[in-house]
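J.: Dropping the sequence and predicted coords here.
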Amino acid sequence: MSEILVNKLTGTSTAGSILVTGEGNSTTTNLQQGLAKAWGHFDGSAGSVSYGDSFGLSGLIDESSGRYTSTFTNAMANAFYSINCTGSTNRRGQVDTGSIATGSFTAEFTDNSDSFADPSYALLTIHGDLA
């Protein structure tokens, strides 16, 4: 068994760029591009809404039933990042595309009749470029 112990990885040609050889040894992936830049979990049915656990998200605002605005700890480079949003049983998650900004976004959750509804749990994952 081999083990490498390090505290920091730095690319040789560009400090923030590390390539990883993919399956089959025929392609490479930029490690930083593949990492989630932020994620979070919260209970939308709680009286006071806050992240139970998160990374890269610094705030959560309960806008109204089924609508929550999240703010980033560090801003994204642009508003063209990807957000995966899902909720508890019978709660569909989506993003209000008009709310996507470099520093925040609004997630929406609806029930089976397409009415806004609070999820008992909500999961968010964000991929993209940090500023």
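T.: Received it, and whenever you're ready, just let me know what you need.
J.: check contacts around the nearest residue to Phe116 once chain neighbours are set aside.
T.: Of all residues not flanking Phe116 in the chain, Gly66 sits nearest, at 3.2 Å (Cβ to Cβ, 6 or more residues apart in numbering). To be clear about C-beta, it is placed using only N, CA and C from the backbone, and glycine gets the same treatment. Applying Cβ atoms under 8 Å, 6 or more residues apart in numbering, we find Gly66 in contact with 44, 91, 108-110, 115-119.
J.: 10 Å instead?
T.: When contacts are counted by Cβ atoms under 10 Å, 6 or more residues apart in numbering, Gly66 touches 44, 87, 91-93, 107-111, 115-119, 122.
J.: again with Ala77
T.: Per Cβ under 10 Å, 6+ apart, neighbours of Ala77: 37, 102, 128-131.
J.: what about 7 Å?
T.: 129-131 (Cβ atoms under 7 Å, 6 or more residues apart in numbering).
J.: Strands of this structure, residue ranges please.
T.: 19-21, 28-30, 38-42, 51-55, 57-64, 67-72, 82-87, 92-95, 104-110, 122-127 (DSSP state E).
J.: picking that back up, where's the residue nearest to Phe116 relative to Ala38, distance?
T.: 21 Å (Cβ to Cβ, to the nearest Å).
J.: No more questions from me, cheers.
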